[in-house]
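**Q** sequence first, then the predicted structure, then my questions.
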Amino acid sequence: MKLSIAAKNLPSVDEQRPRRKSPRSGVNTDVVNENIERSEQEEEMKLFKSLTKLEEKMDDLLSKTKLPEDPDAIDTEILHNRAKKYLEQSQSRTAKMYERYQHLWKGYCLENMIAKDEECDDQLLKNFFIGLEQKYASSTLWVVYSCINSYFVEKYGKNLNSFARLSRFLKQKTYTYVTKKSKVLSPEQMEKGLKMCMNNKGNDHNLTHLGVTVSILYFGLLRCCDATKLELDDVTIEETGRVVINFEHARKRINHGFKFYVPAVYGDLFKTYASQLKKEQNGQTRFLKNWNIKSQTRVQNTGRDKVKKAIKDFCKLLGISDEEYTSHGFRRSAATNLADAGVTLVNLKRHGQWSADSSA
């Protein structure tokens, strides 16, 4: 069985781009337009190759799926769901981020009439990042650096760390940069807030949802986008009250067998939340769900924006200002509190999925 992926509405390579006036005097506009058309053809070919590669991967995925001998017995819905899930993973946020920042550099080159053979210039790259420093923080500039670096390594076989002027500029920006939002919540604050969520005994549905969300983010060292991946089958409440959460979904990579625990003291919070879930989910397997007033049950999937807002709601519950906290605050707080408690760096990196010591 072969799943074909058709490339629809691709621009024709024969289409002519309208002529445009060059902002520089003495520049041959025909040559500029020819370079732009060649660039478009290259982009189209890359898209075609990526679709072809994706099709091959899909065929490999289906070849590994155990199918019954009788073709009529094949459940096409299962295959469709697996293919859909694979396609969603292929269009990950990381891939889109790399593409977005690489387009920034390509747009800069087109705007300033920089030819392909002139891209590998230390001063040009430094000027590009100088133009970004008013818009992005120092940490984000390094993200842009990493994304563009992958483009240079793939296209020219050159690593940006060999460009001394650019590296010196970014390091100086990092040295003088002062983070504005870097506070963490102490273990005492976390315990106080979670017990306040639990002690409402389900009377405030939003408070119950907040307690469960914060527990998942804090004890799992998860990002907000990771928490929305949890499914109903991933969460188990033991007789002792301890909550076992299996998290085998992709973060930077898929960790088979990875699980974390929420202490038994918060077991009643999860039991209250579980009792509010709709019994028949009709295929909706996500664990985090909002309260529906009309049906008086939890049925609507929780979005990423509401998970990000949890840090503000938690600070409001504690009666403290949220100005110096971000949506990343629970992950940062958990890592800091674990390190202060004496957890080894190796275990901390394994739990948070950090690859470098400087990141953990």
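**A** That came through fine.
**Q** C-alpha from now on. contacts and neighbour counts both.
**A** Will do.
**Q** any low-confidence regions in this protein?
**A** 1-93, 177-181, 251-255, 281-282, 356-360 (pLDDT under 70).
**Q** domains of it?
**A** When the chain is parsed into structural domains using automatic domain parsing, the resulting residue ranges are 29-66+74-176, 187-352.
**Q** adding mean neighbour count as columns, could you present the ones you listed in TSV?
**A** Converted to TSV, the domains of the chain look like this (neighbours: other CA atoms under 10 Å):
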stretch	mean neighbour count
domain 29-66+74-176	14
domain 187-352	17
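**Q** where do the strands of this protein begin and end?
**A** Chain-ordered strands for the chain, with DSSP state E as the definition, fall at 235-237, 243-246, 259-262, 289-292, 297-301.
**Q** which stretch among these comes nearest residue 279?
**A** strand 297-301 (9.1 Å; CA to CA).
**Q** and the closest one, what other elements does it pack with?
**A** Counting contacts by 3 or more CA pairs under 8 Å, 6 or more residues apart in numbering; DSSP states H and E, strand 297-301 is packed against strand 289-292.
**Q** what helices and strands are in contact with the strand it packs on?
**A** Under the contact criterion of 3+ CA pairs under 8 Å, 6+ apart, the helices and strands touching strand 289-292 comprise helix 205-219, strand 297-301.
**Q** between the ones you listed, which one is closest to residue 164.
**A** Among the helices and strands packed on strand 289-292, the nearest to residue 164 by CA to CA is helix 205-219 (39.6 Å).
**Q** how big is the angle separating that closest one from strand 297-301?
**A** Counting by axes from the mean of the first three to the mean of the last three CA atoms, to 10 degrees, helix 205-219 points 50 degrees away from the direction of strand 297-301.
**Q** C-alpha coordinates for helix 205-219, PDB please?
**A** Taking only C-alpha atoms (Å, rounded to 0.1, in the frame of the first residue of the first chain), the coordinates of helix 205-219 have been written out as PDB:
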ATOM      1  CA  HIS A 205     -13.600  24.200  38.500                       C
ATOM      2  CA  ASN A 206     -11.000  26.600  37.200                       C
ATOM      3  CA  LEU A 207      -9.000  26.200  40.400                       C
ATOM      4  CA  THR A 208      -9.000  22.400  40.100                       C
ATOM      5  CA  HIS A 209      -7.800  22.700  36.500                       C
ATOM      6  CA  LEU A 210      -5.100  25.100  37.500                       C
ATOM      7  CA  GLY A 211      -3.800  22.800  40.200                       C
ATOM      8  CA  VAL A 212      -3.600  19.800  37.800                       C
ATOM      9  CA  THR A 213      -2.000  21.900  35.100                       C
ATOM     10  CA  VAL A 214       0.600  23.300  37.500                       C
ATOM     11  CA  SER A 215       1.400  19.900  38.900                       C
ATOM     12  CA  ILE A 216       2.100  18.500  35.500                       C
ATOM     13  CA  LEU A 217       4.300  21.400  34.400                       C
ATOM     14  CA  TYR A 218       6.200  21.500  37.700                       C
ATOM     15  CA  PHE A 219       6.800  17.800  38.600                       C
END
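**Q** residues touching it, excluding its own?
**A** Helix 205-219 is touched from outside by 193-194, 197-198, 200-202, 222-224, 227, 260-262, 269-270, 272-273, 288-291, 307, 310-311, 313-314, 330-331, 333-334, with contacts defined as CA atoms under 8 Å, 6 or more residues apart in numbering.
**Q** contacting residues around residue 299?
**A** For residue 299, the set of contacting residues under the criterion of CA under 8 Å, 6+ apart consists of 277-278, 281, 289-292.
**Q** correction: residue 290
**A** 206, 209, 298-302.
**Q** change it to 7 Å
**A** If you count contacts by CA atoms under 7 Å, 6 or more residues apart in numbering, residue 290 has them with 298-302.
**Q** now it: how far from residue 298?
**A** As defined by CA to CA, to the nearest Å, residue 290 lies at a distance of 5 Å from residue 298.
**Q** if we can go back for a sec, now, which of the contacts of helix 205-219 lie within helices?
**A** When DSSP state H defines the helices, the subset of the contacts of helix 205-219 inside them is 193-194, 197-198, 224, 227, 269-270, 272-273, 307, 310-311, 313-314, 330-331, 333-334.
**Q** any chance of the contacts of residue 290 in JSON lines, plus distance to residue 108?
**A** Supplementary listing: the contacts of residue 290 in JSON lines, determined by distance: CA to CA, whole Å:
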{"residue": "298", "distance to residue 108": "48"}
{"residue": "299", "distance to residue 108": "46"}
{"residue": "300", "distance to residue 108": "43"}
{"residue": "301", "distance to residue 108": "40"}
{"residue": "302", "distance to residue 108": "38"}
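**Q** which among the residues you listed gets closest to residue 115?
**A** Each of the contacts of residue 290 was checked against residue 115 using CA to CA; the closest is residue 302, at 47.1 Å.
**Q** tell me if I'm right that the closest one and residue 289 touch.
**A** Yes: under the criterion of CA atoms under 7 Å, residue 302 lies in contact with residue 289, with a separation of 4.8 Å.
**Q** next, format the helices and strands packed on strand 289-292 as JSON lines and append distance to residue 145.
**A** Converted to JSON lines, the helices and strands packed on strand 289-292 look like this (distance: least, CA to CA, whole Å):
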{"stretch": "helix 205-219", "distance to residue 145": "29"}
{"stretch": "strand 297-301", "distance to residue 145": "36"}
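**Q** beta-bridge partners for the residue nearest to residue 220 when sequence neighbours are not counted, please?
**A** Leaving aside its sequence neighbours, residue 220 sits nearest to residue 260 (CA to CA, 6 or more residues apart in numbering; 6.0 Å). Legend: beta-bridge partners of residue 260 under DSSP bridges are residue 245.
**Q** no more questions from me, cheers.
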